[in-house]
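J.: Quick one: sequence and predicted model below, then my questions.
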Amino acid sequence: MCVPKCLNADQKRQRCQSPEQLLEFFRRNPNDFLSRLVTMDHTWLYHYDPETKQQSKEWRHSGSPRPMKFREQKFAGEVLASIFWDQDGILHIGYLPTGQTINAEYCLSLLVQLKDILKEKRHGKVTKGVLFLTDNAPAHRALTTQKKMAYLDFQYLDHPPSSPDLAQSDYHLLPGLKKQLKSRHFSSDAEIIAAAETLLDGQLPEFF
């Protein structure tokens with residue numbers, strides 16, 4: 001994945017410094033770092049997401065007629081999923097209510113839900129202190145969100161600006177999910193949600 005923006009000198013410096021800090025954190029105690037780490041990202045789940053031109057290419061003889069292709073568009077139905085995960089698997093998936101937008105208030109509600117789930121599923125992670133890594137979207141950088149993280153004892157790990165290629169979810173978790181959902185038709189939000197959760201729950205522990 002390329003960086004979709006021309007970075008200025010300061011942003012380039014941050015792009016180098018942030019990963020170096022994470023690597024240093026990891027090198028001190030790899031097991032402790034991974035056992036405490038939680039990451040997340042948001043992604044749209046569509047009722048129908050057509051194949052890309054690259055995916056629909058076919059091998060044909062030079063003299064074969066060109067296949068007829070119809071212009072396809074995403075169905076209007078869509079759900080925004082906020083997926084939280086760690087080295088042991090999926091922790092929580094929140095779904096944005098219809099008509100609502102992602103803002104600091106919504107992110108705060110997700111963090112509170114996550115803390116409750118961690119107490120139930122990963123009590124040791126809560127005891128040690130959660131290392132929280134996500135991108136630097138405005139709702140994540142908001143002062144109210146940062147204060148809430150501190151209150152919940154989540155240590156926010158720095159993420160460089162305009163660098164989605166450095167977010168684990170964007171290059172590891174979500175591409176495979178999107179690929180398996182593409183070109184499939186779903187009749188409702190509940191159906192696409194069930195399909196996505198089945199695919200995520202079906203991943204082996206080694207995947208995470």
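T.: Looks like it came in fine.
J.: contacts and neighbour counts: CA atoms only from here.
T.: OK.
J.: what's the pLDDT at the most centrally placed residue in the chain?
T.: Among the residues of the chain, the one closest to the centroid is Asp41, at 2.8 Å (C-alpha atoms, centre = their mean). Asp41 carries a pLDDT value of 93.
J.: Does it touch Ile83 like I think?
T.: Yes. Applying C-alpha atoms under 8 Å as the test, Asp41 and Ile83 come out as touching, 5.7 Å apart.
J.: and Gly176, what helix or strand is that in?
T.: Element membership for Gly176, per DSSP states H and E: helix 174-181.
J.: tell me which strands and helices the helix or strand following that helix is in contact with?
T.: Downstream of helix 174-181, the next assigned helix or strand under DSSP H and E is helix 189-201. Helix 189-201 is packed against strand 37-46, strand 78-86, strand 89-95, helix 174-181, with contacts defined by 3 or more C-alpha pairs under 8 Å, 6 or more residues apart in numbering; DSSP states H and E.
J.: do you know which of those lies nearest Cys6?
T.: Nearest to Cys6 among the helices and strands packed on helix 189-201 is strand 37-46; the distance by C-alpha to C-alpha comes to 22.8 Å.
J.: Buried residues, the closest one. List them.
T.: 37-42, 45-46 (16 or more other C-alpha atoms under 10 Å).
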